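**Student:** Starting from these lines, generate the structure:
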Amino acid sequence: MASLSRPFVYPPLLFLVFMQLWSIENVLAMVPVRVGVVLDANTDDGKMSMASMNIALRDFYDANHQFQTRLVLNTRDSMGDVVGAAASVVDLLKNAEVEAIIVSCTSMDAYFIIYLGEKAHVPIITFTATSPFLTSIQSPYFFRTALSDSSQVNAISSIVEAFGWREVTLVYVDNEFGQGIISILSDSLEEVNVRIPYRSAVPSSATDDQIGAELYKLMSMQTRVFIVHMANSLGSTFFKKVKQLGMMSEEYAWIVTDAITNELNSMDPIVLESMVGVLGVRPYVSKTSKLEQFQEQYRNQVVLNKGTSELTIYELWAYDTITALAIAVESVAEAIRIATFLMPNVSSNVTDLQGFGVSSVGLDLIQALSNTSFDGLAGSFKLIDQQLHYPPYEVVNIVGPAATIVGYWTEKDGIVRELNIETEDSSSSRKLKSIIWPGDRIYPPKGWVLPVNEEKLRVLVPIKDRFTQFVNVTWNPDNSTNVQGFCIDVFDTVMGALPYGVPYEYIPFATEDHISTATYDDMVYQIYLKHYDAFVGDVTIIANRSRFVDFTLPYQESGVSMLVPYINNNNKAWLFIKPLTWQLWLTSLCSFVTIGIVIWILEHREKDTEFKGTLKHQIGMILWYSFSTMVFSQRENIRNNYARIIMIFWFFLVLILTQSYTANLASLLTYQKLEPSIEDVKTLIQTNAYVGYHKGSFVLGFLLNMNFNPSRIIQYSTPDELNELFINGSIAAAFDEIPYLKPFLSQYCSKYTMVGPIYKTGGFGFVFPTGSPLLSDVSKAVLNVTESDIMFKIEKRWLGDSSACSASSFSPSNSLGLESFWFLFSIVGALAVSFVGAHISIFLFQQRAKLWNTNLSIRNRLTGIFQDFIQEYHENRALVTAESTPMPTQG
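**Tutor:** Numbering: from 1, shown residues only. Coordinates of the predicted model:
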């Protein structure tokens with residue numbers, strides 16, 4: 001019985017009691033943080049966003065049960081109305097005194113709510129409002145945990161650039177959400193040289209008839225690339241109408257923003273069938289185990305709520321928003337613990353908008369939110385300028401009931417085939433995968449067509465009464481026209497080289513009586529007014545015209561040159577010196593004298609040499625021997641081996657020089673019969689001479705700018721008229737574009753020539769209205785044609801064979817210069833210096849006794865050695881002392 005009086009406590013029971021007490025203590029120590037949530041509770045999107053946030057709360061605090069703070073969600077129903085959303089926020093601020101508000105609303109609803117949050121110093125966080133306009137509010141209390149619509153504009157413009165489209169039409173919903181992206185997207189497209197000829201604003205509540213009317217308007221235009229930015233609900237109606245009107249055919253290209261692609265999973269399959277071939281962009285979401293776990297919980301929640309909503313990126317952003325806010329709140333737990341709402345000093349009859357207080361923890365909380373970063377379900381969560389940082393984007397192709405990823409876009413690399421953040425992108429991956437385009441085509445559309453109300457491209461051509469080889473228009477009895485010529489053949493060839501067919505017709509710019517007095521500038525202006533689609537003719541590309549229209553690349557080089565007649569040059573008294581330049585004459589003269597001296601140095605001390613005798617005789621021999629090598633072989637025998645080697649190379653140099661001189665002199669005697677009458681433009685201006693120019697040409701302004709006297713400028717219309725002006729002496733020179741002068745010279749090449757500098761112009765080009773989608777492709781075709789032999793055949797057919805005239809040209813031969821013979825002169829000179837140096841060295845060695853004789857002064861020693869050197873051989877040998885070491889003779 002004694003044992004029964006001993007106290008006994010069961011150990012597990014003590015442990016359970018202890019844990020229960022510790023848990024109660026932790027719960028009492030936790031700080032609840034009131035957070036408002038405003039959403040439309042009557043929609044599937046609202047319900048599933050709320051479910052995502054509840055899952056996020058449970059997951060976060062299960063993994064972080066030691067945190068001191070706990071978010072407590074206070075939910076309000078906005079009833080899908082901007083007034084209801086604003087009233088809900090006011091109620092949360094005034095009655096619930098929440099520390100932060102998460103709002104699921106449209107961009108239009110967010111404006112007023114942001115101002116309320118700033119007034120109360122309460123962060124307003126949205127994961128659904130994406131309009132870039134909201135950024136302009138610049139409130140420190142507004143945070144966007146969704147991507148701004150502006151984040152995708154560079155991805156879209158990169159797609160447009162990748163397919164070479166030069167014009168797009170923007171189609172957007174006509175409200176703040178739709179308008180917010182337009183200016184930013186326009187700037188991005190402009191950076192890649194893409195024009196926007198039309199912007200289609202569709203009312204947010206548009207009916208089928210209103211959408212149809214706008215689509216018919218788009219069909220009447222030539223642009224066939226459309227970028228669509230509108231909410232999912234309106235987009236579904238829009239694309240069903242697009243399909244119904246036949247605008248999903250092979251000539252169309254459609255690109256949609258992430259406003260549609262983010263909700264493809266929840267769209268009606270019938271709508272998706274009408275969107276086959278559409279391209280789109282959407283944020284890239286990495287597939288992680290955490291995401292898979294959330295998807296499983298989300299599907300269970302959908303079943304529990306008996307909902308039908310599919311998972312979208314907005315649910316992922318809602319989840320990440322709760323996580324970010326929970327982390328931020330925990331980082332300011334001490335401030336949260338003592339947080340209060342400071343009520344304003346106002347009267348009792350104030351309105352609700354004036355009756356809520358100011359949060360004391362607001363500044364701390366926005367700082368914590370700005371510094372929060374983690375790996376969320378939607379990707380890396382990092383707020384830059386209070387909005388989510390740009391992620392990579394997927395480029396998707398809608399095919400049937402699903403969307404296929406055909407590539408990616410990153411801020412660093414642009415469009416890539418495969419996304420690999422860890423490695424450098426290679427050039428081979430810089431393209432998209434295979435795409436199914438509208439009409440089940442595998443090739444991208446060219447992006448434009450002729451408008452449906454026009455059957456052919458209307459090409460303007462000039463009426464010419466001169467130089468008709470470029471463009472020639474003739475009328476048939478039935479008033480139809482025949483248009484032919486060099487420019488016409490080139491244009492036909494270029495259009496035939498396009499990768500697609502373009503029907504066109506030539507329309508002469510003339511009155512009913514087949515007369516035209518319009519200038520080329522007048523016709524260029526018609527293209528500017530878009531009365532015609534193109535202008536084909538001998539139109540020169542100049543800066544003034546390019547201000548109004550666009551030109552293709554030039555298909556014919558051009559420039560302004562001066563044409564003058566030849567004159568007979570009978571003054572040939574000094575013709576014999578023209579084959580060589582004065583530098584070569586001077587070098588040759590010095591070389592002859594030098595070679596004579598070198599041979600004398602090497603020969604005059606040899607036995608039986610002819611380079612001896614009196615000083616006068618030796619000077620004569622030097623000059624005689626060197627200059628006579630030009631015309632005949634010398635009878636003087638050369639005994640020194642050094643001299644013989646030098647003479648071999650010298651004879652070769654003289655042979656080349658004399659033969660070249662003879663050939664060039666013969667050329668001058670044969671061809672230098674004609675010379676230009678004037679070689680300098682300045683001479684014409686100084687002498688106030690008459691000059692001619694092609695009637696109607698811009699050359700008149702060119703001459704006036706060069707200060708020619710207007711009264712001394714005469715116009716001509718035809719090549720024959722120009723020839724007559726030269727014959728009767730009415731003009732001294734004519735100025736015209738080179739393409740016009742070439743056919744004239746091919747007819748009169750023995751009488752006239754082009755001289756002076758060529759004043760460059762842009763050449764001949766085809767004219768199109770500014771921003772024409774044809775321009776880029778036609779320019780590429782021009783390059784292909786001009787680089788082929790087809791262009792030579794067209795030129796030969798219409799402009800003649802200018803090479804025939806060039807072959808019989810009377811251009812004077814050029815004088816031969818030193819640059820043609822410097823190598824031979826260098827060899828002979830090097831040999832001469834080397835052998836003379838060796839010869840003198842041998843002599844000085846023989847005279848070393850005298851050279852080092854200290855009994856004589858330096859002057860006497862040098863004088864004696866020099867006198868010994870110029871003595872004849874037998875005399876010099878007698879002076880060699882016995883001390884001298886005999887040297888082998890050179891010969």
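
**Student:** Show me the strands in the stretch 1-150 of the chain, by range?
**Tutor:** 31-39, 69-77, 100-103, 124-126, 142-144 (DSSP state E, counting those that start in this stretch).

**Student:** Could I have the CA atoms of the second one written out in PDB?
**Tutor:** Spelled out, it's strand 69-77. In PDB, the C-alpha atoms belonging to strand 69-77 read as follows (Å, rounded to 0.1, in the frame of the first residue of the first chain):
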ATOM      1  CA  THR A  69       3.300  37.400 -38.700                       C
ATOM      2  CA  ARG A  70       0.300  35.900 -40.400                       C
ATOM      3  CA  LEU A  71      -1.700  37.400 -43.200                       C
ATOM      4  CA  VAL A  72      -5.400  37.600 -42.600                       C
ATOM      5  CA  LEU A  73      -7.400  38.100 -45.800                       C
ATOM      6  CA  ASN A  74     -10.400  40.400 -45.700                       C
ATOM      7  CA  THR A  75     -12.300  39.700 -49.000                       C
ATOM      8  CA  ARG A  76     -14.700  42.200 -50.600                       C
ATOM      9  CA  ASP A  77     -16.800  41.600 -53.800                       C
END
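
**Student:** counting contacts, what elements does it pack onto?
**Tutor:** Judged by 3 or more C-beta pairs under 8 Å, 6 or more residues apart in numbering; DSSP states H and E, strand 69-77 is in contact with strand 31-39, helix 44-63, helix 82-91, helix 313-331. All C-beta atoms are positioned from the backbone trio N, CA, C, and that covers glycine.

**Student:** got JSON lines for the ones you listed, with distance to G800 too?
**Tutor:** Converted to JSON lines, those look like this (distance: least, C-beta to C-beta, whole Å):
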{"stretch": "strand 31-39", "distance to G800": "81"}
{"stretch": "helix 44-63", "distance to G800": "76"}
{"stretch": "helix 82-91", "distance to G800": "78"}
{"stretch": "helix 313-331", "distance to G800": "69"}
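
**Student:** picking that back up, just put the strands of the stretch 1-150 of the chain in CSV and tack on distance to T753.
**Tutor:** Output for the strands of the stretch 1-150 of the chain, formatted as CSV (distance: least, C-beta to C-beta, whole Å):
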stretch, distance to T753
strand 31-39, 87
strand 69-77, 92
strand 100-103, 83
strand 124-126, 79
strand 142-144, 74
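
**Student:** would you list those strands in a markdown table and tack on mean neighbour count?
**Tutor:** Shown next, in a markdown table, are those (neighbours: other C-beta atoms under 10 Å):
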| stretch | mean neighbour count |
| --- | --- |
| strand 31-39 | 22 |
| strand 69-77 | 18 |
| strand 100-103 | 27 |
| strand 124-126 | 26 |
| strand 142-144 | 25 |
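
**Student:** Which of those strands sits closest to T261?
**Tutor:** strand 142-144 (19.0 Å; C-beta to C-beta).

**Student:** Give me the distance from that closest one to the chain's centre.
**Tutor:** Put simply, strand 142-144 sits 37 Å off its chain's centre (C-alpha atoms, centre = their mean, to the nearest Å).

**Student:** Touching that strand from outside, list them.
**Tutor:** With contacts defined as C-beta atoms under 8 Å, 6 or more residues apart in numbering, strand 142-144 is touched by 110, 114, 117-118, 123-127, 129-130, 134, 366, 369, 383, 386-388.

**Student:** hmm, which helix or strand of the protein has the shakiest average pLDDT?
**Tutor:** Lowest by mean pLDDT, DSSP states H and E among the helices and strands of the chain is helix 873-878, with a mean of 41.

**Student:** Am I right that Y693 falls within a strand?
**Tutor:** Yes: counting by DSSP: H, G, I helix; E, B strand; the rest coil, Y693 is located in a strand.

**Student:** That one: what's its closest spatial neighbour, skipping adjacent residues?
**Tutor:** V699 (4.5 Å; C-beta to C-beta, 6 or more residues apart in numbering).

**Student:** now F764
**Tutor:** Setting aside the residues directly before and after it, F764 is nearest to Q556 in space (C-beta to C-beta, 6+ apart), at 4.0 Å.
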